[in-house]
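Undergrad: Task: produce atomic coordinates for the following.
(one chain, ligands or ions: 1)
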Amino acid sequence: MDSNTASAETASQAADERSAYEKAPADGQEIDPRCVPQNLEEEPPVGDEIAYPDYDDDRHEIWGTLVERQMEQLPGRACDAYMRGLDVLDITPNRIPKLSALSRKLEDQTGWQVARIPGLLHEKDFFTLLANRKFPSTDYVRNWDELDYTPAPDCFHDMFGHMPMLTQPDFADFYQLFGKAALNAEGADRPRLERFHWFTVEFGLLNEGGDTRIFGAGIVSSNEEVTHALSDEVTTHAFDPAHITEKDYEVYNLQDELFVMDSFEQLVDGFRSWTKSRGLL
Ligand SMILES: [Fe+2]
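TA: Take a look at the predicted model:
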């Protein structure tokens, strides 16, 4: 079944289980269909099973523009592991990368693979893939009028934002643990884990040799957040799972409070102890 056909039915079913993305628009405002989580109808293609779409030149040009804009800002602001990841994965402005090639490179580095997914997924499908060390990625690119902001992840966010960090061994282990813990979470632990994801995977900062650097996918893939996240408009807190998991956030605005961790080891160890204390792992 074509993935696009799932969305209309899912939209009505999803009314009671709206994600943070869906809750954010004001009542009565139209929801972008890309923001409606989908259920996977069948196993998504993984690694070499993923076909390369027939992108037109325009799509490659949008990709190239997005990468070039970020690369003007990232050196000296993004952490070493992220910059190394970009390099290892050979992500360049020239062409939209092949998910199959990225998957092979990730597998060499940390044993992660890429699964091609049609768009925002329902949590269970998303967490199941993570728990199996498979990163769910889209393969479509945003439009020209969405360079600065897209309401739901596109492949620029997924490939350029997320994948470089999956080459870092501790981060790679943490992300798999996150998927496993999330599958076990119930009640208030679910939004707690959502917050943990937000303030680490998407908006995490790292103390590197006394300097604060960025690594969260939501920062490295956003033109405005790269500089904003490191500016004095942002209040930073030390990494503390108990604090992070109770901290609310806004999806659509620039972030004004962020957490800085000291190492990716601290991330994986901190997550392990917190989930253990909650009986999630
Ligand atoms: Fe993301």
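Undergrad: in which helix or strand would I find E68?
TA: Secondary-structure assignment from DSSP states H and E places E68 in helix 57-71.
Undergrad: isn't L281 right up against A181?
TA: Yes: counting by CB atoms under 8 Å, L281 touches A181, with 5.2 Å between them. In this view, the C-beta of every residue, glycine as well, is placed from N, C-alpha and C.
Undergrad: Alpha carbons only: can I get the helix holding E68 in CSV?
TA: The C-alpha coordinates for helix 57-71 follow below in CSV (Å, rounded to 0.1, in the frame of the first residue of the first chain):
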residue,chain,number,x,y,z
ASP,A,57,17.6,19.3,-10.4
ASP,A,58,15.5,21.6,-8.3
ARG,A,59,15.5,19.2,-5.3
HIS,A,60,19.3,18.8,-5.5
GLU,A,61,19.6,22.6,-5.6
ILE,A,62,17.4,23.1,-2.5
TRP,A,63,19.6,20.4,-0.7
GLY,A,64,22.8,22.1,-1.8
THR,A,65,21.5,25.5,-0.6
LEU,A,66,20.5,24.1,2.8
VAL,A,67,23.9,22.4,3.3
GLU,A,68,25.9,25.4,2.2
ARG,A,69,24.0,27.8,4.4
GLN,A,70,24.7,25.6,7.5
MET,A,71,28.3,24.9,6.6
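Undergrad: just checking, what packs against it?
TA: Contacts defined by 3 or more CB pairs under 8 Å, 6 or more residues apart in numbering; DSSP states H and E place helix 57-71 against helix 223-228.
Undergrad: Now find how far off-centre the helix holding E68 is within its chain.
TA: Relative to its chain's centre, helix 57-71 lies at 19 Å (CA atoms, centre = their mean, to the nearest Å).
Undergrad: Could you list the buried residues of it?
TA: R59, I62, W63, L66, V67, Q70, M71 (16 or more other CB atoms under 10 Å).
Undergrad: Wait, the fifth one touches P93, no?
TA: Yes: under the criterion of CB under 8 Å, V67 is in contact with P93, at a separation of 4.1 Å.
Undergrad: After the helix holding E68, heading C-terminal, what element do we hit next?
TA: Note on helix 57-71: by DSSP H and E, the next helix or strand toward the C-terminus is helix 80-88.
Undergrad: what's the spacing between that following helix and its chain's center?
TA: Taking CA atoms, centre = their mean, the mean C-alpha location of helix 80-88 is offset from the chain mean by 16 Å.
Undergrad: Stretch 265-280 too?
TA: Using CA atoms, centre = their mean, the offset of stretch 265-280 from its chain centre is 20 Å.
Undergrad: and it, what's its mean pLDDT?
TA: The pLDDT scores in stretch 265-280 average 98.
Undergrad: Then stretch 230-243?
TA: Stretch 230-243 carries an average pLDDT of 98.
Undergrad: hmm, who's touching it?
TA: 77, 196, 205, 212, 214, 228, 254-262, 266-267, 270-271, 273-274 (CB atoms under 8 Å, 6 or more residues apart in numbering).
Undergrad: quick one: terminal-to-terminal distance for that stretch?
TA: Stretch 230-243 has an end-to-end distance of 20 Å (CA to CA, to the nearest Å).
Undergrad: Check which residues of it are buried.
TA: Residues of stretch 230-243 classed as buried by neighbour count (16+ other CB under 10 Å): L230, V234, F239, P241.
Undergrad: so can I have CSV of those residues showing distance to Q38 and secondary structure?
TA: Output for the buried residues of stretch 230-243, formatted as CSV (distance: CB to CB, whole Å; DSSP: H, G, I helix; E, B strand; the rest coil):
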residue, distance to Q38, secondary structure
L230, 35, coil
V234, 33, coil
F239, 33, coil
P241, 30, helix
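Undergrad: Those residues: which two are farthest apart?
TA: Using CB to CB, the pair of the buried residues of stretch 230-243 lying farthest apart is L230 and P241, separated by 22.8 Å.
Undergrad: Any regions of the stretch 151-281 of the chain where pLDDT drops low?
TA: The stretch 151-281 of the chain contains no residues with pLDDT under 70.
Undergrad: The residue nearest to G218 when sequence neighbours are not counted: neighbour count?
TA: The shortest distance from G218 to any non-neighbouring residue, by CB to CB, 6 or more residues apart in numbering, is to E202 (3.8 Å). When counting by other CB atoms under 10 Å, one arrives at 21 neighbours for E202.
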